[in-house]
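>>> got a structure for you, letters missing:
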């Protein structure tokens, strides 16, 4: 997971041209690959990755992502 102290606030990320992405995926391999792809982009950073809806509801709001990539077939 990428987290730059200078880009931790949403307004700072927008000014820098970054898109903050959160990922919710229960398959570890898919989650890891999505994080790799997002972080490889020059203008995106994965700010949060969760393996369940329950976890996402707690972890994502403080990260204030611009986009959430979510597995629609999660068991919870």
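Thanks, I have the structure now. These figures come from a predicted structure and were not determined experimentally. Numbering: from 1, shown residues only.

>>> Going by C-alpha atoms from here, please, whenever you check contacts or count neighbours.
OK.

>>> Could you give the number of residues near residue 40?
Counted with other Cα atoms under 10 Å, the neighbours of residue 40 add up to 12.

>>> and the next element down the chain from the helix or strand harbouring residue 31?
In the assignment (DSSP states H and E), residue 31 maps to helix 28-40. Under the assignment DSSP H and E, the closest C-terminal helix or strand after helix 28-40 is strand 44-50.

>>> what's the angle from that next one to helix 28-40?
With axes from the mean of the first three to the mean of the last three Cα atoms, to 10 degrees applied, the angle from strand 44-50 to helix 28-40 works out at 150 degrees.

>>> Just give me the residue closest to the centre of the chain.
Per Cα atoms, centre = their mean, the C-alpha nearest to the average position across the chain is that of residue 22, at 2.0 Å.

>>> so where's the chain uncertain?
Applying pLDDT under 70 to the chain picks out residues 1-11, 13-15.

>>> let's see it at 50
For the chain, the stretches with pLDDT under 50 are 1-5.

>>> just to revisit the earlier point, for the residue nearest to the centre of the chain, which three-state class applies?
Under DSSP: H, G, I helix; E, B strand; the rest coil, residue 22 falls in the strand class.

>>> hang on, the earlier thing: now for the helix holding residue 31, which elements pack on it?
Applying 3 or more Cα pairs under 8 Å, 6 or more residues apart in numbering; DSSP states H and E, one finds that helix 28-40 makes contact with strand 19-24, strand 44-50.

>>> of all these, which lies closest to residue 62?
Closest to residue 62 of the helices and strands packed on helix 28-40, according to Cα to Cα: strand 44-50, at 9.6 Å.

>>> tell me what the closest one is packed against?
Using 3+ Cα pairs under 8 Å, 6+ apart, strand 44-50 sits against strand 19-24, helix 28-40, helix 53-63.

>>> what about 6 Å?
With contacts defined as 3 or more Cα pairs under 6 Å, 6 or more residues apart in numbering; DSSP states H and E, strand 44-50 has these neighbours: strand 19-24, helix 28-40.
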